[in-house]
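>>> quick one: sequence and predicted model below, then my questions.
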Amino acid sequence: QVQLVESGGGLAQPGGSLRLSCAASGSGFSANAMGWYRQAPGKQRELVAAITSGGSTMYADSVKARFTISRDNAKNTVYLQMNSLKPEDTAVYLCYAHLRYYSTATAVEYWGQGTQVTVSS
């Protein structure tokens, strides 16, 4: 059974850093697009960053120059390095992945369980 397992959330001070990881467990697939959303209380879910299997990236304007998304295709893992954190970055961060199964050539979207990031002094 395929799962996306997130890690790395927690508490950081303003100006600090955190690194999130999201690994797709299981076998028989390759990961196409992967990325991160976040959802803060009372706000809509926001796409933070995404990366294709070829390494092309996109970022929300609010995180450009502060966050970096990367991936390890051999491990089907996506990372989000978050620097210069601000209190407004506080949210639950959810990873997603579009996994293409070798046997059927179909792509299925999966979501992680979410990890809390809190930025506060």
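Here it is on my side, so go on. Numbering: from 1, shown residues only.
>>> the strands in this protein, which residues?
Along the chain, the stretches classed as strands by DSSP state E are 3-7, 10-12, 18-25, 29-39, 46-51, 57-59, 67-72, 77-82, 91-101, 107-111, 115-119.
>>> which ones are touching the residue lying closest to Gly16 once chain neighbours are set aside?
Nearest-residue entry for Gly16: Leu85, 5.3 Å, with adjacent residues in sequence omitted and distances by C-beta to C-beta, 6 or more residues apart in numbering. (C-beta placed from N, C-alpha, C; glycine too.) Taking C-beta atoms under 8 Å, 6 or more residues apart in numbering, we find Leu85 in contact with Ala12, Gln13, Pro14, Gly15, Gly16, Ser17, Leu18, Arg66, Val117, Val119.
>>> ok, and the closest non-adjacent residue to the residue sitting nearest the centre point of the chain?
Residue closest to the mean C-alpha point of the chain, counted by C-alpha atoms, centre = their mean, is Trp36 at 3.1 Å. Spatial nearest neighbour of Trp36, chain neighbours left out: Val48 (4.5 Å); criterion: C-beta to C-beta, 6+ apart.
>>> same question for Ala23.
Thr77 (4.4 Å).
>>> what of Gly9?
Going by C-beta to C-beta, 6+ apart, Gly9 has Thr115 as its nearest residue, at 3.3 Å.
>>> done for today, thanks.
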